[in-house]
Structure formats: structure tokens, C-alpha cells
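> how does the following fold in three dimensions:
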Amino acid sequence: MLKIAAILFPVIATSLMGAAVVAVLTMNMQSTFEPILWAALGALVLSVPISWFIAKQIPGAKNI
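Sure thing, here's the model as predicted:
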């Protein structure tokens, strides 16, 4: 299951980070780089448990 989570992680991480950065830019918080950085880092940290959860939901993933 760890292998599948590792395969899913880059896709999920980039999707969440992109959505978070777009949300920050939509809220007109782009005066400094800090809100964009925190949004991207928060999404990166959040993508770890999400990819693990999705990997657990895939049938037959426990055998890999």
C-alpha cells in the first residue's frame, strides 16, 4: 500500500497545492509571497494523509 500511496502523492500534492495557491490569489492576498508559501506548504502536508487514505480505498492495494 505504501507503493501506491507514493505513486498517488505527487498527483494529489500538486493538485492541492495548485488549488490552494489559486484560492490565495483569488482572495487578493498576493501582496507578499508569504500567504502563497503557507498555502502551498499546508496543502503539501495535507496531501500525505489524503494519499494514504486513497491508497487504502483501492481494492487489492494491501497485496502490493
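
> how far away is the residue nearest to residue 62 when sequence neighbours are not counted from residue 12?
Leaving aside its sequence neighbours, residue 62 sits nearest to residue 1 (Cβ to Cβ, 6 or more residues apart in numbering; 5.6 Å). In this view, the C-beta of every residue, glycine as well, is placed from N, C-alpha and C. As judged by Cβ to Cβ, to the nearest Å, residue 1 and residue 12 stand 15 Å apart.

> neighbour-wise, which of these two wins?
residue 12 (21 against 14; other Cβ atoms under 10 Å).

> how far off centre is the helix or strand hosting that one?
Here residue 12, judged by DSSP states H and E, is contained in helix 2-26. The chain centre lies 3 Å from the centre of helix 2-26; the measure is Cα atoms, centre = their mean, to the nearest Å.

> so what does it touch, helix or strand wise?
Under the contact criterion of 3 or more Cβ pairs under 8 Å, 6 or more residues apart in numbering; DSSP states H and E, helix 2-26 touches helix 34-57.

> so which elements touch the helix it packs on?
Looks like helix 34-57 contacts helix 2-26 (3+ Cβ pairs under 8 Å, 6+ apart).

> go through the helix it packs on and flag the buried ones.
By neighbour count on 16 or more other Cβ atoms under 10 Å, the buried set for helix 2-26 is 4-5, 8-9, 12-13, 16-17, 20-21, 24.

> I'd like the residues you listed as TSV, with pLDDT appended.
What follows is the buried residues of helix 2-26, written out as TSV (pLDDT from 0 to 100):
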residue	pLDDT
4	91
5	92
8	95
9	97
12	97
13	97
16	97
17	97
20	95
21	93
24	91
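
> I'd assumed residue 4 was in contact with residue 58.
Yes: in terms of Cβ atoms under 8 Å, residue 58 counts as a neighbour of residue 4; the distance is 6.1 Å.

> so, low pLDDT: which residues of this structure?
For the chain, the stretches flagged by pLDDT under 70 are 61, 63-64.

> ok, 90 please
Scanning the chain for pLDDT under 90 picks out 1-2, 28-33, 58-64.

> how far away is residue 47 from residue 31?
26 Å.

> with just CA atoms, put stretch 53-64 into PDB.
Only the C-alpha atoms of stretch 53-64 are listed here, as PDB (Å, rounded to 0.1, in the frame of the first residue of the first chain):
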ATOM      1  CA  PHE A  53      -6.400   7.300   2.700                       C
ATOM      2  CA  ILE A  54      -7.000   7.000  -1.100                       C
ATOM      3  CA  ALA A  55      -4.400   4.200  -1.300                       C
ATOM      4  CA  LYS A  56      -6.300   2.300   1.400                       C
ATOM      5  CA  GLN A  57      -9.500   2.600  -0.600                       C
ATOM      6  CA  ILE A  58      -8.100   0.900  -3.700                       C
ATOM      7  CA  PRO A  59      -9.000  -2.800  -3.800                       C
ATOM      8  CA  GLY A  60      -6.100  -5.100  -3.800                       C
ATOM      9  CA  ALA A  61      -3.600  -2.400  -2.600                       C
ATOM     10  CA  LYS A  62      -2.700  -4.300   0.500                       C
ATOM     11  CA  ASN A  63      -1.000  -7.000  -1.500                       C
ATOM     12  CA  ILE A  64       1.400  -4.600  -3.200                       C
END
